[in-house]
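Student: sequence and predicted model, in that order:
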Amino acid sequence: MTVKPYEADGSKKQQVKQMFDRISHQYDRLNHLLSAGIDVRWRKKTIREIEGVHPKQLLDVATGTGDFAMMLQERWPESNITGLDLSPGMLDIAKQKIERAGLQQRIKLVEGDSENLPMEDNFFDAVTVGFGVRNFENLEKGIAEMFRVLRPHGRLAILEFTKPRTPLIKPLFQLYFKHILPRIGGAISGDSAAYRYLFDSVQAFPEYEELTSIMKKIGFRKTYYKPLTFGICCIYIGEK
């Protein structure tokens, strides 16, 4: 079943673009507030999983407001980072942050579709995507595109929310993500549907062995996953 942000006509891709354009002005504030800042640690752990390829060319898919791209640049200051996103509203915020940090020569922003990447084959040493694959309309096509643009032995790192399996954590997760988060997110952003979609999309998304099986089907080798913080989210790694 395809989970979409709004009960309206339009493809998931169109609705996701509309959703992020709507909430872009409050996205960073809400993201760090609702995650209590733990998302920064999750991204750092994800970055450590691609250190072995010593990347010079990196692509951050679904870059949003650019946090992951900027962390990649901080870790590898001499590398070239490309951040791609479907939402011009999110990219506008990213551009402002990157310019304030003086990183516009190192981080290139591209408005584009993750399922039709406007990049050449076998170019990037590493591809990252943080909390974005849930939003793909066609998951296999999006993963296949990331495989295509990776060079041989390049590495894909996906960071994504998962459903906790720990008996104590699971009901707390359900309570927070299903009931509390949409109220807070809706009050601040003006779009509670966007935060209800977060919960619904996590419930419907393939995780753990199911997602790594999809990666293997596309052609990735040496796939593995690492659950984080009681299984609230997970890192998925694959090598071309």
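Tutor: Yes, it's here.
Student: quick one, strands of the chain?
Tutor: For the chain, the strands defined by DSSP state E occupy 57-61, 80-85, 107-111, 124-130, 150-161, 221-228, 233-239.
Student: how far does the last one sit from the chain's center?
Tutor: By that I understand strand 233-239. 12 Å (Cα atoms, centre = their mean, to the nearest Å).
Student: for that strand, packing partners?
Tutor: Under the contact criterion of 3 or more Cβ pairs under 8 Å, 6 or more residues apart in numbering; DSSP states H and E, strand 233-239 touches helix 38-48, strand 150-161, helix 209-218, strand 221-228. Glycine gets a C-beta too; all of them are placed from N, C-alpha and C.
Student: swap in the first one?
Tutor: Contact here means 3+ Cβ pairs under 8 Å, 6+ apart; on that basis strand 57-61 packs against helix 67-75, strand 80-85, strand 124-130, helix 139-149.
Student: which stretch among those comes nearest Gly37?
Tutor: Judged by Cβ to Cβ, the one of the helices and strands packed on strand 57-61 that comes nearest to Gly37 is helix 67-75, at 11.5 Å.
Student: tilt between that closest one and strand 150-161?
Tutor: Helix 67-75 runs at 120 degrees relative to strand 150-161, counting by axes from the mean of the first three to the mean of the last three Cα atoms, to 10 degrees.
Student: just the buried residues of helix 67-75, please?
Tutor: Across helix 67-75, burial judged by 16 or more other Cβ atoms under 10 Å covers Asp67, Phe68, Ala69, Met70, Met71, Leu72, Gln73.
Student: and those, which two are furthest apart?
Tutor: That would be Asp67 and Gln73, which, of the buried residues of helix 67-75, are the farthest apart (Cβ to Cβ) at 10.9 Å.
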